[in-house]
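Chemist: Let's see this in three dimensions:
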Amino acid sequence: MTTNADVLPVEPSLPATRQWLSWMLVVALIYLLLAGVGAIGDGFKAATGNNARELFAFATNPLVGLMIGLVATALIQSSSTVTSIIVGMVAGGLPIPIAIPLIMGANIGTSLTSTIVSLGHIRSGEEFRRAFSAATVHDAFNITAVAILLPLELLFQPLQRLSESLAGLLVSDASVDMKSVNFMKTLLSPASDLLAGSVSWLPGAVWSGVALILIGVAMILFVVTAIGKVLRKVVVGRAKDIMHASVGRGPLSGIASGSVITVLVQSSSTTTALIVPLAGSGVFSLKQVYPFTLGTNIGTCVTALLAATAITGPTAEVAMQIALVHLLFNLLGILIIYALPLLRGVPPMIAEGLATLAQRSKLYVAAYIAGVFFALPLLLIGASQI
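Modeler: Okay, here's the model as predicted:
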């Protein structure tokens, strides 16, 4: 009989005497994350001047923006990284209407991880069917949410309008104008000055800006990877306890536990990787896993919100706005799809259908992963340039 320990290998928790050092490292990594986001914003401003819209003219087609966000996240395997980069780009001048489809695409791209994790069960027919359906219900929900909310956004701009109002409340005019007493600006100033100085030898503002963007992206990639590893060592036992205590206790409990665990480990990919093996072994059913994966969508928004606090000055409000778009997109998706009985069963139905095909032939698995996450998006991007 397969035990939980067999299907869920985890890193051992750190001794209590070393946990405080790990938390200090987390604080340092968060500082690096904020500095990296700030570097992208500064670099984007320097490289583009006031021409950010022209630079991304190819992405004014919302479908192209959606595909770019999807492929970027599928390649990097971290929506937190991609959304943090988008926050920095918006602070550097990327228009909100162009950034919104990018954010939606990132939501789809991040669900590839759980699908890949399910392949660990591929040699056992029924077990693989359960694991693959638990993994692809995340994909199906995110794709359904985009199919509903992207057209609504293009017609009525609910995400843009609501996020703009909320950002206006969270980022006061006083905090923008009183630069001399801005806490985040003061805190990040040494890092900003150091990074700016490191590229000052390059000829021209454009090359200095490009270098800052690359440094910022590299910092975010490093931080998101490192902070996930550190937090898993510190809280993985606690995360497992939360999951076992709450996943099977109704949809609200499942959504809450998915959110909390994702915030704790700072990675929706890690959270879904925890639940898929348990679903494959039969510990949790698809009905129980479904709301849990919705919670991971909410929890992963914390990184972008945190990244937005790194932006100061006149662009602070738009940076916070795009981070709020990410959160509102996921909340509205849950309210529209999961709260309505007519739509609630659509993602599980799609997932079950895909799992049945996958169990029948592994070629369907390869076609699904390659087609949805890479071939189709790249084809659409290429076709738009003709």
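
Chemist: got the contact list for the residue positioned nearest the centre of the chain?
Modeler: The residue lying closest to the centre of the chain (CA atoms, centre = their mean) is S79, at 2.6 Å. By CB atoms under 8 Å, 6 or more residues apart in numbering, the contact set of S79 is 73, 106-107, 109-110, 268, 300. C-betas here are computed from N, CA, C, even on glycine.

Chemist: Can you check what pLDDT the model gives it?
Modeler: pLDDT, S79: 82.

Chemist: what's the nearest residue to it if we skip its chain neighbours?
Modeler: T110 (3.7 Å; CB to CB, 6 or more residues apart in numbering).

Chemist: which residues touch the one you found?
Modeler: Taking CB under 8 Å, 6+ apart, we find T110 in contact with 73, 77-79, 142, 268-269, 300.

Chemist: quick one, phi/psi of it?
Modeler: phi -70, psi -20 (degrees, to the nearest 10).

Chemist: how close does it sit to I337?
Modeler: According to CB to CB, to the nearest Å, T110 and I337 sit 17 Å apart.

Chemist: cool, L75 as well?
Modeler: 27 Å.

Chemist: Name the residue in those two with the higher neighbour count.
Modeler: I337 (22 against 13; other CB atoms under 10 Å).

Chemist: right, and the more buried one touches L343 too?
Modeler: Yes - with contact defined as CB atoms under 8 Å, I337 counts as touching L343 (4.6 Å).

Chemist: what do these two both touch?
Modeler: Residues touching both I337 and L343 (CB under 8 Å, 6+ apart) are T144.

Chemist: just for this structure, where's the confidence low?
Modeler: Within the chain, the ranges that satisfy pLDDT under 70 run 1-17, 48-59, 172-185, 224, 228, 231-241, 243-244, 248, 266, 385-386.

Chemist: Show me the contact partners of stretch 203-220.
Modeler: 32-33, 35-49, 81, 84-85, 88, 195-196, 198-200, 202.

Chemist: Pull out the buried residues from that stretch.
Modeler: By neighbour count on 16 or more other CB atoms under 10 Å, the buried set for stretch 203-220 is 208-213, 215-217, 219-220.

Chemist: Can you list the helices and strands that whichever helix or strand Y368 is part of packs against?
Modeler: Secondary-structure assignment from DSSP states H and E places Y368 in helix 362-370. The helices and strands touching helix 362-370, judged by 3 or more CB pairs under 8 Å, 6 or more residues apart in numbering; DSSP states H and E, are helix 112-118, helix 346-360.

Chemist: E317: which of those helices is closest?
Modeler: helix 112-118 (32.2 Å; CB to CB).

Chemist: So which bits of the closest one are buried?
Modeler: Residues of helix 112-118 classed as buried by neighbour count (16+ other CB under 10 Å): 112-115, 117-118.

Chemist: If you count contacts, what does that helix end up packed against?
Modeler: For helix 112-118, the packing partners by 3+ CB pairs under 8 Å, 6+ apart come out as helix 125-156, helix 268-280, helix 362-370.

Chemist: which of those helices is buried the deepest?
Modeler: For the helices and strands packed on helix 112-118, the largest average neighbour count (mean count of other CB atoms under 10 Å) is found in helix 268-280, namely a mean of 26.

Chemist: need the contacts of T110 in a markdown table with distance to M320, can you?
Modeler: Below are the contacts of T110 laid out as a markdown table (distance: CB to CB, whole Å):
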| residue | distance to M320 |
| --- | --- |
| T73 | 21 |
| Q77 | 26 |
| S78 | 21 |
| S79 | 18 |
| N142 | 23 |
| S268 | 21 |
| S269 | 25 |
| T300 | 17 |
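
Chemist: quick check, nearest of those to A28?
Modeler: S78 (19.3 Å).

Chemist: Any idea how many residues pack against the closest one?
Modeler: 26.

Chemist: on that earlier part again, among the contacts of S79, which lie within helices?
Modeler: Per DSSP state H, helices hold the following members of the contacts of S79: 73, 106-107, 109, 268.

Chemist: Please convert those to CSV, extending it with distance to L154.
Modeler: CSV is the format used below for the ones in helices among the contacts of S79 (distance: CB to CB, whole Å):
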residue, distance to L154
T73, 21
A106, 18
N107, 17
G109, 20
S268, 26
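
Chemist: for whatever helix or strand L264 lives in, which positions count as buried?
Modeler: Using DSSP H and E, L264 maps to helix 251-265. Across helix 251-265, burial judged by 16+ other CB under 10 Å covers 251, 253-265.

Chemist: Switch those residues over to TSV; also include distance to L328.
Modeler: As requested, these are exported to TSV (distance: CB to CB, whole Å):
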residue	distance to L328
P251	20
S253	23
G254	21
I255	16
A256	18
S257	21
G258	18
S259	15
V260	20
I261	21
T262	17
V263	17
L264	22
V265	23
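
Chemist: What lies in contact with stretch 100-107?
Modeler: Contact partners of stretch 100-107, identified using CB under 8 Å, 6+ apart, comprise 59, 62-73, 79, 82-83, 86, 142, 145-146, 149-150, 153, 159-160, 297, 322, 325-326, 329-330, 377.

Chemist: For the residue nearest to Y368 when sequence neighbours are not counted, give me its contacts.
Modeler: Using CB to CB, 6+ apart and skipping residues adjacent in sequence, the residue nearest Y368 is L354, 6.4 Å away. Residues in contact with L354 (CB under 8 Å, 6+ apart) are 132-133, 136, 140, 364, 368.

Chemist: And for A308?
Modeler: Here A308 is in contact with 37, 87, 316, 319-320, 322-323 (CB under 8 Å, 6+ apart).

Chemist: mind redoing it with 7 Å?
Modeler: Residues in contact with A308 (CB atoms under 7 Å, 6 or more residues apart in numbering) are 87, 319-320, 323.
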